[in-house]
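Enquirer: just the structure for this:
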Amino acid sequence: MNEIIFAIIGYLSGSIPFGLLLTKAAGLGDVRSIGSGNIGATNVLRTGNKKIAALTLLCDGLKGFFPVLAAGFWGGELAPLVAGFGALAGHIFPVWLKFKGGKGVATGLGVLFGWNWLLGLAFVVAWIGTFFITRISSASALIAALLAIPVSYVIGKTDDGGMPIFVWPVALLALVIWTTHHANIRRLVKGEEPKSSFSKKT
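Expert: Model (predicted):
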């Protein structure tokens, strides 16, 4: 029963469309009408307002982090896992926006930090490193999600040789992120994925 409750809490938290709410509050219009049409921080950045994009990134991350943290305190062993995936599902399929949301990178990062701060840190380092080389946000997210899998094995390795608890959840999270980026992957293969820039003034 605890797991069901925390899955619902995670979903409701994840479904808060901060990208849409913040851009409208800032007078930037409907973020869904520009760029990729989703509500994530990368698309918010296309409005030209870096502060709102950064705030969206933070809020989207926290809505994944806090349900996992709460589940860790008051739920069972599996509660943080289901709360995390609930938040991820809420961000990607928010009921308030006819189930059309973001791609789950920032919320997934918050979930990773909630599960184990080293997982979140590894994701951030991998994302920054990849972006420094490629200047492509989607490629950075894809590589960071993939590299989180072996990291989850290393940090959770047990003396008895058992499978670390976070390996399969992290692998599933990475699969979700790769799936939501299917259009980006096609453009990457064709060499058509645009590079991102954080130098545009607001």
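
Enquirer: center of this structure, which residue is that?
Expert: By Cα atoms, centre = their mean, the chain has its centre lying nearest to residue 105, at 2.4 Å.

Enquirer: would you check that that residue makes contact with residue 174?
Expert: No - at 11.0 Å, residue 105 does not count as touching residue 174 under the criterion of Cβ atoms under 8 Å. Any C-beta I mention is one placed from the backbone N, CA and C, and that applies to glycine too.

Enquirer: intersection of neighbour lists for those two?
Expert: residue 145 (Cβ atoms under 8 Å, 6 or more residues apart in numbering).

Enquirer: poorly predicted segments of this protein, please.
Expert: Along the chain, the parts satisfying pLDDT under 70 run over 1, 157-163, 197-202.

Enquirer: again, 50 this time
Expert: Scanning the chain for pLDDT under 50 picks out 200-202.

Enquirer: for it, what's the longest helix?
Expert: helix 50-74 (DSSP state H).

Enquirer: next, the angle from the helix or strand just after that one to helix 50-74.
Expert: Downstream of helix 50-74, the first helix or strand assigned by DSSP states H and E is helix 79-92. Orientation check (axes from the mean of the first three to the mean of the last three Cα atoms, to 10 degrees): helix 79-92 against helix 50-74 gives 150 degrees.
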